[in-house]
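A.B. asks: Sequence isn't available, so here's the structure alone:
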């Protein structure tokens, strides 16, 4: 069985930057060396927050956080240097292929080269440091999801969390009760039918990439299905009744919702929900709060998938190279501690408007302090994810991006009126068999 490498990017490319230097960490054979410092005493940190503040304010916030760390540690023997890169994944992949690894890199949730780097002993095990410094609560979901046989090779400072946003004004106009719509998928489908009759460009939800979350949530609603999506995709899973039910339920909902409202990238239609107010329900992460127009802030609310299910994934985050000097390694570990600290995590929540990994934060208190309606929505969404009856990983992290795209394409085709969903599912099964080899 060939493991499919996940390459989901959480940060969309918006502009081009110039990359300085591509040198990785030292040879892993130096691990444990007592050498005071490498020939180059600069700790280079690759990250993906290269966007201009006017295009994405959160990128500037993250760069400011990195700059603060550099300033606080500017009098040591090692210089911390944060390097914004647009083509981070390609750079890291090239280095790993050559048997090296950057001093430190933030994968930003994407899973790509880390698995190969770990297999080559190029990546530092963070778990002993986390345990010695009692940081389990600070790293949160990373502690369990990123545990590989007792080792933790990366820590993501933000948790990719997915649930639902809904427009209460649209639901009210359609005569839909919020108490019933999210009780189960049958009630959800009935509600979408009512919304789709409103006209004036109003429709139920964004299908395709969005409705793939339905498959994820339904799989996670049973112990057997949850176990399947938390593991590699196998022939047994592809042939399972759990997978068939999840796909066909989502496909039928998509077909009823209409092929005019499908996309392989939610961003293409996101304005319909955030700004135009013409979509009843949006499948998206908690960070969508930052995109909600102020005019719609009062009517847009968060909730979880039917069955009180949340999809939450740590993904790959900050990883440190093996074999660096003791001083460089110590500074890298201090940076991991800094990024998961209460001080930084509060900024990630209130200013970046993402779900922090640190589980000790009182998000509702922070929201009240900020006096920002959108941040309050974000706090509520994060709290719901934290209190979900069931939390399951996004299947794209375990099954791979190729599988994810195949499912999305099959759902989009199923949304076309007259499509034989059973036949399309059989075709999907053949596609998935070919992908897993």
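C.D. replies: Ah, there it is. These figures come from a predicted structure and were not determined experimentally. Numbering: from 1, shown residues only.
A.B. asks: contacting residues for residue 153?
C.D. replies: If a contact means Cβ atoms under 8 Å, 6 or more residues apart in numbering, then residue 153 has 114, 118, 123-126, 146, 319 as its contacts. Yep, even glycine has a C-beta here, placed from its N, CA and C like the rest.
A.B. asks: Can you give me the neighbour number for residue 223?
C.D. replies: Residue 223 has 9 neighbouring residues, counting by other Cβ atoms under 10 Å.
A.B. asks: which residues of the stretch 101-250 of the chain fall in strands?
C.D. replies: For the stretch 101-250 of the chain, applying DSSP state E, counting those that start in this stretch gives strands covering 104-109, 147-148, 151-152, 160-167, 203-205, 207-208.
A.B. asks: Show me what the last one is packed against.
C.D. replies: In this structure, strand 207-208 packs against helix 241-257, strand 262-263, helix 401-414, with contacts taken as 3 or more Cβ pairs under 8 Å, 6 or more residues apart in numbering; DSSP states H and E.
A.B. asks: will you turn the ones you listed into JSON lines that also has mean pLDDT?
C.D. replies: Below are the helices and strands packed on strand 207-208 laid out as JSON lines (pLDDT from 0 to 100):
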{"stretch": "helix 241-257", "mean pLDDT": "98"}
{"stretch": "strand 262-263", "mean pLDDT": "96"}
{"stretch": "helix 401-414", "mean pLDDT": "97"}
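A.B. asks: So residue 80 sits against residue 43, correct?
C.D. replies: Yes: contact status for residue 80 versus residue 43: in contact at 5.2 Å, counting by Cβ atoms under 8 Å.
A.B. asks: per-residue confidence for the closest residue to residue 298 other than its chain neighbours?
C.D. replies: Sequence neighbours aside, residue 373 is the residue nearest to residue 298 in space, at 7.4 Å (criterion: Cβ to Cβ, 6 or more residues apart in numbering). As predicted, residue 373 sits at a pLDDT of 86.
A.B. asks: contacting residues for residue 373?
C.D. replies: Shown in contact with residue 373 (Cβ under 8 Å, 6+ apart): 294, 297-298.
A.B. asks: now residue 239
C.D. replies: Contacts of residue 239 by Cβ under 8 Å, 6+ apart are residue 429.
A.B. asks: And it, how far from residue 429?
C.D. replies: Distance, residue 239 to residue 429, using Cβ to Cβ, to the nearest Å: 7 Å.
A.B. asks: do the same with residue 110
C.D. replies: Separation of residue 110 from residue 429 (Cβ to Cβ): 27 Å.
A.B. asks: of the two, who's got more company?
C.D. replies: residue 110 (24 against 17).
A.B. asks: Phi, psi for that one please.
C.D. replies: phi -70, psi 140 (degrees, to the nearest 10).
A.B. asks: And residue 310, by the same measure?
C.D. replies: With angles defined as degrees, to the nearest 10, residue 310 sits at phi -120, psi 150.
A.B. asks: Who is it paired with across the strands?
C.D. replies: Beta-bridge pairing of residue 310 under DSSP bridges involves residue 391.
A.B. asks: how many other residues sit next to it?
C.D. replies: There are 24 residues near residue 310, going by other Cβ under 10 Å.
A.B. asks: For it, report the pLDDT, please.
C.D. replies: Note for residue 310: predicted pLDDT of 96.
A.B. asks: Isn't residue 407 up against residue 247?
C.D. replies: Yes: using Cβ under 8 Å, residue 407 is in contact with residue 247, at 7.1 Å.
A.B. asks: what domains does the record give for this protein?
C.D. replies: 28-159+314-361, 163-311+390-436 (automatic domain parsing).
A.B. asks: picking that back up, more neighbours, residue 80 and residue 43?
C.D. replies: More crowded of residue 80 and residue 43, by other Cβ under 10 Å: residue 43, with 29 against 24.
A.B. asks: Next, the buried residues of the one helix or strand the more buried one maps to.
C.D. replies: For residue 43, the host element (DSSP states H and E) is strand 42-47. Of the residues in strand 42-47, 43-47 count as buried by neighbour count, 16 or more other Cβ atoms under 10 Å.
A.B. asks: before we move on, back to that, format the helices and strands packed on strand 207-208 as CSV; extra columns: distance to residue 364 and mean neighbour count.
C.D. replies: Shown next, in CSV, are those (distance: least, Cβ to Cβ, whole Å; neighbours: other Cβ atoms under 10 Å):
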stretch, distance to residue 364, mean neighbour count
helix 241-257, 33, 21
strand 262-263, 33, 20
helix 401-414, 33, 22
